[in-house]
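Enquirer: predicted coordinates and the sequence they were generated for:
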Amino acid sequence: AQVGLGDAVTDPAPRNITAVTFMGVYLHFVSIIFFHSLISYLLLTICNSNVYAYTCMSVYGPAVKIHPVVLASIGDSYERRNEGASRVIGTLLGTIEKHSVEVTNCFSVPHNESEDEVAVDMEFAKNMYELHKRVSPSEVIIGWYATGFDITEHSVLIHEYYSREATNPIHLTVDTALQSGKMNIRAYVSAQMGVPGKTVGVMFTPLSVKYIYYDTERIGVDLLQRTRVTPSRTKGLTSDLSQVGGSASRVQDMLATVLTYIEDVLSGKATADNSVGRFLMDLINKVPTISAEDFETMLNSNINDLLMVTYLSNLTQAQIALNEKLVLL
Amino acid sequence: MSDSIFFISLSIDLSVLLNHGPSAIGPSRFMRSKGLAGQGPPIMYLIPITFVVLKIIKHYQEEGQGSEVVQGVLLGLVVEDRLEITNCFPFPQHTEDDADFDEVQYQMEMMRSLRHVNIDHLHVGWYQSTFYGSFVSRALLDSQFSYQHAIEESVVLIYDPIKTAQGSLSLKAYRLTPELMEICKEKDFTPEALKKANIGFEHMFEEVPIVIKNSHLISVLMWELEDKSTVADKHELLNLSSSNHLEKSLQLLMDRVDDMSQDIVKYNTYSRNLSKQQQQKHQYVQRRQQENAQRQTRGEAALAEEDITKLFKPPQPPPRMDTLLIAGQINNYCQNVKEFTSQNLGKLFMAEALQGHNS
């Protein structure tokens, strides 16, 4: 005898309206209890610290791994929302492994939301999922996302719909309105709670969120990170030797940081940390000790190879240009 | 591959019919999408949004292993002299042969659905992944031609995943030059036509510079990612091992050069045949004249002038399109190899400096 909020909303009988309000109050009450009972979660909300990912990684078992594509997509669909809509919802696609869920794709679903009812275009969601499935058949619906800070009653309804599509769906909230000064990205999974047989409800338990990348994604994201610093938020793609130069200067910056730390430790300004010392030892030992002559020969042979290849490619280019001119004579 | 080209062109025509009205983009900015047949100023540069870049990378990573090309469609807007790419969606691979008709349907469905969520649905081009830079092919030319024929400003975005894995995002945008467009329209690939248009392999594609842009919200997202990410910067770019990549590139280059030499042999035989035929014609005409002169001296009627062209059919000039493509491809390979070697030389000199300090 589960009192679903869906029934409550559509049936205008006064008995059900009181049930709705009671459920709303109950949900808030339970959520407050939930906050108090989990101290690390509370620490996060009070201190607004960055340590969330680190402290909670070991506390909560299941972790949600998100690819940056998903976040960019959510941000983009938020920017394109209809006039008057305060938040955007959509479906999350991904793969499920034994204990963790990997979110690799998403698409937004049009929906209308007002004070007391919510309508989601489910036909659209199904269609889009079919289309996506044609491209990447290994992705399944693993949950849904919503922008905005809190979980509202409507979220429960939508979550119920999604639990029909996937087993144990994940709910992801992205705070695009930056209510708490940061963009909080959280994941939840629903759990039943309450007194069975009488009034039951749904509770959202948070999960830890990690970001994972493919190698090429990591490199792409690094380039995109550099767009943050320019005022027009743009970045051209460099090529050739300047890239190597850029990378080398980044390594140089890192070395400078390490050097200042070492000097601080030597002059007594900072305490020496043994683990850092061990890392430094590894670093120094990474440069291989080769005898000078061997290194000379290796270097020279490599340089010769590269020069020869450059010469050959230049020759080839001259050859085809010549061929072109001869034909067109 | 050729089927996909046909269906892409078909879908472009249909999409022209479907596109109507402006697309409202959220409360922050409101732009009008430019008309499709607008002969605006030439595109100066291209702005893909970060989201598009990430999507392309992800698509290749998931579906493209095994040196198959992955393709997809780019959607966006044209703003003054810039082409902004705001979204993209991938194409499914061709696995079954009877799923060909699904291509158009898939595209139509996708565009209709995207329109519901206010995503720009203007086709501005397509993207393709490449294997070591070998993308100059007949198929690409045909697809790009059909796209550019329908939509003036369309580009093809080439993503090189292997080069990206080596440390730097390799994304290039190309369009066909107007001269090449003319030639493709005529479908006339004889040497004379190419000579008239003065097309060399360097004038086939023009590269459009790319600038990546972020909105403020995405910038915030980037900051958030930076905070929470635990994976350190890998510095793949400074990796010294180069022989594998160099070997593969050179192998592909050699194959292309072989093709080129075969093509040159064909052309040589053609020109030799042509000159032989000229000689034969000349001899025939001379003999004719001699005979006519003899007959005149003897007082008989001159022989009728026969149609020379019917006797000596001129040999077919070989189409030069393939040569052009191969030359373009070789050029591309050479450029890549040169870039790679220059980077490696720099790295080697750095390693020498590091070693010099130690010894």
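Expert: Structure's in. What do you need? Numbers count the residues shown, from 1 in each chain, chains lettered A, B, ... in the order given.
Enquirer: which residue is the nearest non-sequential neighbour of residue A:306?
Expert: residue B:341 (4.4 Å; Cβ to Cβ, 6 or more residues apart in numbering or on different chains). Backbone N, C-alpha and C define where each C-beta goes, glycine included.
Enquirer: then the one you found would be within a helix, right?
Expert: Yes: counting by DSSP: H, G, I helix; E, B strand; the rest coil, residue B:341 is found in a helix.
Enquirer: who's in contact with it?
Expert: A:306, A:307, A:309, A:310, B:246 (Cβ atoms under 8 Å, 6 or more residues apart in numbering or on different chains).
Enquirer: work out for me the element the fourth one sits within.
Expert: Pointing back at residue A:310 there. Here residue A:310, judged by DSSP states H and E, is contained in helix A:292-327.
Enquirer: and that helix, which residues are buried?
Expert: For helix A:292-327, the neighbour count (16 or more other Cβ atoms under 10 Å in any protein chain shown) marks A:295, A:302-303, A:306, A:309-310, A:313, A:316-317, A:319-320, A:323-324, A:327 as buried.
Enquirer: for that helix, name the packing helices and strands.
Expert: helix B:243-298, helix B:321-358 (3 or more Cβ pairs under 8 Å, 6 or more residues apart in numbering or on different chains; DSSP states H and E).
Enquirer: tell me the angle the first one makes with helix B:321-358.
Expert: Calculated by axes from the mean of the first three to the mean of the last three Cα atoms, to 10 degrees, helix B:243-298 forms an angle of 150 degrees with helix B:321-358.
Enquirer: next one: helix B:243-298, is it in contact with chain A?
Expert: Yes: using Cβ under 8 Å from any Cβ of the partner chain, helix B:243-298 reaches chain A at B:246, B:250, B:253, B:257, B:260, B:264, B:267.
Enquirer: state the phi and psi torsions of residue 214.
Expert: Reading this off chain A. phi -80, psi 170 (degrees, to the nearest 10).
Enquirer: oops, I was thinking of chain B
Expert: phi -120, psi 150.
Enquirer: count of neighbours near it?
Expert: Residues within reach of residue B:214, counting by other Cβ atoms under 10 Å in any protein chain shown, total 24.
Enquirer: give me the neighbour count for residue A:171.
Expert: That count, for residue A:171 with other Cβ under 10 Å as the rule, works out to 24.
Enquirer: for it, list each beta-bridge partner.
Expert: residue A:144, residue A:188 (DSSP bridges).
Enquirer: so it sits against residue A:190, correct?
Expert: Yes: contact criterion Cβ atoms under 8 Å: residue A:171 and residue A:190 qualify, at 7.0 Å.
Enquirer: what do these two both touch?
Expert: By Cβ under 8 Å, 6+ apart, the residues touching both residue A:171 and residue A:190 are A:159, A:204.
Enquirer: for residue B:263, which non-adjacent residue is spatially closest?
Expert: Using Cβ to Cβ, 6+ apart, the closest residue to residue B:263 is residue B:323 (5.0 Å).
Enquirer: what residues are up against the one you found?
Expert: A:327, B:260, B:263, B:264, B:267.
Enquirer: measure it to residue A:97 for me?
Expert: Using Cβ to Cβ, to the nearest Å, residue B:323 is found at 51 Å from residue A:97.
Enquirer: where does pLDDT dip in chain B?
Expert: Residues of chain B meeting the criterion pLDDT under 70: B:1-45, B:64-68, B:93-102, B:167-168, B:187-198, B:227-237, B:301-311, B:357-359.
Enquirer: show me where it has helices.
Expert: B:2-18, B:50-63, B:101-116, B:138-150, B:161-165, B:178-186, B:191-197, B:216-228, B:243-298, B:308-311, B:321-358 (DSSP state H).
Enquirer: need the contact partners of the fifth one.
Expert: Taking contacts as Cβ under 8 Å, 6+ apart, the residues outside helix B:161-165 that touch it are A:215-216, A:219-220, B:57, B:60-61, B:64, B:129, B:131-133, B:170, B:236, B:245, B:336.
Enquirer: going by distance to residue B:208, which of those wins?
Expert: Nearest to residue B:208 out of the contacts of helix B:161-165 is residue B:170 (Cβ to Cβ; 14.9 Å).
Enquirer: wait, isn't the closest one in contact with residue B:159?
Expert: Yes: counting by Cβ under 8 Å, residue B:170 does reach residue B:159; the two are 7.1 Å apart.
Enquirer: between those two, who's got more neighbours?
Expert: With neighbours defined as other Cβ under 10 Å, residue B:170 and residue B:159 compare such that residue B:159 has more, 26 against 22.
Enquirer: who does the more buried one form a beta bridge with?
Expert: residue B:129, residue B:171.
Enquirer: next up, the contacts around it.
Expert: Residue B:159 is in contact with B:56, B:57, B:60, B:127, B:128, B:129, B:130, B:170, B:171, counting by Cβ under 8 Å, 6+ apart.
Enquirer: how about the contacts made by the first one?
Expert: Residue B:56 makes contacts with B:72, B:88, B:127, B:129, B:157, B:159, B:171, as judged by Cβ under 8 Å, 6+ apart.
Enquirer: using JSON lines, lay out these together with distance to residue A:112.
Expert: Shown next, in JSON lines, are these (distance: Cβ to Cβ, whole Å):
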{"residue": "B:72", "distance to residue A:112": "31"}
{"residue": "B:88", "distance to residue A:112": "28"}
{"residue": "B:127", "distance to residue A:112": "34"}
{"residue": "B:129", "distance to residue A:112": "39"}
{"residue": "B:157", "distance to residue A:112": "36"}
{"residue": "B:159", "distance to residue A:112": "38"}
{"residue": "B:171", "distance to residue A:112": "38"}
